[in-house]
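sequence first, predicted model second:
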Amino acid sequence: MDFLDAEWVTHIQWPAMVATLAAAFLVGTTSARLRLWGFGIFVVSNVLWVIWGLPEGAWALIVLQAGLFVLNARGAKQNAPEAEKEAESGESVADALEHEVAGDEEADEPTKTPVVAGS
């Protein structure tokens, strides 16, 4: 039995889809650490989609995943310095995720500068 011809490969598309959605949510957060996790999960989804696409002969999907892998690696590299700063602040990844899910927007609010008449 060939590894990629096994019937279980057909079921890989579902975890790949879930990983892709979870990663998209995380990459869209305000927390750099959660975004870094999102890029990592995107890489896992890239691998899962390639595993699914090989026996299906889905070459466009495989090429797409290779391109997205490069973009995800670039995003993770660019995001890493900010994630390190957040890690030093002491907030856990779980706390950051809880704030995102709850919709806490304290970090998103711009600093309000008073408007002075005549300036």
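On my side now, so go ahead.

going forward, measure contacts between C-alpha atoms and count neighbours the same way
Fine.

may I have the secondary structure class of Thr29?
coil (DSSP: H, G, I helix; E, B strand; the rest coil).

show me where pLDDT drops low in the chain?
1-5, 105-119 (pLDDT under 70).

ranges for the helices of it?
Using DSSP state H, the helices found in the chain span residues 13-27, 32-56, 59-89, 93-102.

mean neighbour count and distance to Ala6 for those helices - can I get that in TSV?
Output for those, formatted as TSV (neighbours: other Cα atoms under 10 Å; distance: least, Cα to Cα, whole Å):
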stretch	mean neighbour count	distance to Ala6
helix 13-27	18	14
helix 32-56	22	9
helix 59-89	15	19
helix 93-102	14	37
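
looking at those helices, which is closest to Glu7?
Closest approach to Glu7 among these (Cα to Cα): helix 32-56, 10.2 Å.

quick one: that closest one to helix 13-27, angle?
160 degrees (axes from the mean of the first three to the mean of the last three Cα atoms, to 10 degrees).

for helix 32-56, packing partners?
The helices and strands touching helix 32-56, judged by 3 or more Cα pairs under 8 Å, 6 or more residues apart in numbering; DSSP states H and E, are helix 13-27, helix 59-89, helix 93-102.

can I get these in JSON lines with distance to Ile41?
Shown next, in JSON lines, are these (distance: least, Cα to Cα, whole Å):
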{"stretch": "helix 13-27", "distance to Ile41": "5"}
{"stretch": "helix 59-89", "distance to Ile41": "9"}
{"stretch": "helix 93-102", "distance to Ile41": "15"}
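
I'd like to know which of the ones you listed lies nearest to Arg33.
It is, among those and with distance given as Cα to Cα, helix 59-89, at 4.6 Å.

and that closest one, what other elements does it pack with?
helix 32-56.

setting the sequence-adjacent residues aside, check what's closest to the residue nearest to the spatial centre of the chain.
With distances taken as Cα atoms, centre = their mean, the residue of the chain nearest its centroid is Gly38 (2.2 Å). Sequence neighbours aside, Ala23 is the residue nearest to Gly38 in space, at 4.2 Å (criterion: Cα to Cα, 6 or more residues apart in numbering).
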